[in-house]
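What follows is a predicted structure for the sequence shown.
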Amino acid sequence: MASRRFTRRQALIGAAPVLAALPMAGLAAAPAVTGPGTPPPGLASRDAHAALGHAAMIGEAVPAPGGPDDLDALLRPPPALPHRPGRVRRYSLTALDREIEVAKGVTFPAWTYNGTVPGPVLRATEDDVLEVVFANGGSHPHTIHFHGIHPADMDGVFEIVEPGGAFTYRFPARPYGMQLYHCHAAPLKKHIHKGLYGAFIIDPPKPRRPAREIVLVMNGYDTDGDGENNFYSVNGRAFYYARYPIRVRRSETLRIYLANLTEFDLINSFHLHGEFFRYYRTGSTDQFDYTDTVMQCQGERGIIEIDWHNAGRFMFHAHQSEFTELGWMGFFDVVDA
Ligand code: CU
Ligand code: CU
């Protein structure tokens, strides 16, 4: 499949007029705006008006690939299980070469775990035995390197798995927090930017308090091979949560497991509009910051907890404006229902 080539500059120049044209189109068609971009019932008309103010970046006109539920498996983590030391948590990860659509009409020749970028969300409770059966169905040697505490021979640096080969990782999951995993074959920069990474949640022995939970993995794509990202996203698709806002209840705490796997750029960030949140760096202690913006370097991650003061539509995005305009942005629809 021939992929469209975009340099970073062309993407900026090319995307800007299309996006800039949308506010007028959105306003002209205001009564006809329907679907995921329509404010949910319960939002006041002033919220609807506010939403139209973001018409360039919200609703059906947003150039995001895929349908409304496509990323649910990456967004919604498996449930936490009670503390039971020694229980085995089994996962199978297979490295696969896949052409994936990362922005509307833009494909990327990815190296994936199980066919998606990011790979599947792994979850265990502290003191579970994590068992990951890794098969290499790709065209290059790969590994899985987990962040956390584990024996040296389970570190995924020296145990290179050739195409057609397999390796089973097995170790007690610890410490609790938001961990992650990624390939550690050389050249590392290439193996990470091609898409071999994912979230790995370890729950504490004493359960966290109830909350609505989601996972956001920040990443980027160099679609023209010049060593710079042309698109940015959370959970793999540019502008996806602008087209399909994430609906949450005001009465429920929203817990976000956030990780940064962006290659090439030194940092990435998460900024929330209209609200403050608790940020637990790595999520392995109960210390937190109270803020509305956090930055993470590559491999850094943390846990965000939001207690909503207001219903309505709130934007979230990278606070690097360029990343925002190249796809790393979305909305929460906070509803009272
Ligand atoms: Cu690799
Ligand atoms: Cu790492």
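That came in fine, so what should we check first? What you are looking at is a predicted structure, and each value in this text was computed from that prediction instead of being measured. Ligands and ions are numbered 1, 2, ... in the order given.

Which residues of the chain lie near ligand 1?
142, 183, 185, 191, 196 (CB under 5 Å from the ion). For every residue, glycine as well, the C-beta is placed using N, CA and C.

can you tell me which of those residues are in strands?
If you go by DSSP state E, the residues of the chain next to ligand 1 have nothing in strands.

taking those residues one by one, which sit in helices?
Members of these lying in helices (criterion: DSSP state H): His191.

Val294: which of the residues of the chain next to ligand 1 is nearest?
Leu196 (24.5 Å; CB to CB).

What degree of burial does that closest one show, as a neighbour count?
The local packing of Leu196 (other CB atoms under 10 Å) involves 29 other residues.

Isn't it up against Asp97?
No: counting by CB atoms under 8 Å, Leu196 does not reach Asp97; the two are 10.8 Å apart.

before we move on, back to that, ok, which pair from the residues of the chain next to ligand 1 is furthest apart?
Ala185 and Leu196 (8.4 Å).

Overlap in contacts, the two.
His142 (CB atoms under 8 Å, 6 or more residues apart in numbering).

what touches both of Leu196 and Asp97?
111-112.

List the contacts of the residue nearest to Leu261 when sequence neighbours are not counted.
Once flanking residues are discounted, Leu261 sits nearest to Tyr197: 4.3 Å by CB to CB, 6 or more residues apart in numbering. Going by CB under 8 Å, 6+ apart, Tyr197 touches 113, 117-119, 180-183, 217, 219, 261.

one more time with 10 Å, if that's ok
Counting by CB atoms under 10 Å, 6 or more residues apart in numbering, Tyr197 touches 112-113, 117-119, 144-145, 180-183, 191, 217, 219, 259-261, 263, 298-299.

Please list only the buried members of those residues.
112-113, 117-119, 144-145, 180-183, 191, 217, 219, 259-261, 263, 298 (16 or more other CB atoms under 10 Å).

Take those residues and keep only those in helices.
Short answer: the buried ones among the contacts of Tyr197 in helices (DSSP H) are His191.

show me the residues around the residue nearest in space to the middle of the chain that make contact.
Nearest to the geometric centre of the chain sits Val217, at 2.5 Å (CA atoms, centre = their mean). Contact analysis of Val217 by CB under 10 Å, 6+ apart lists 74-75, 117-119, 121, 180, 197-199, 233-236, 257-262, 301.
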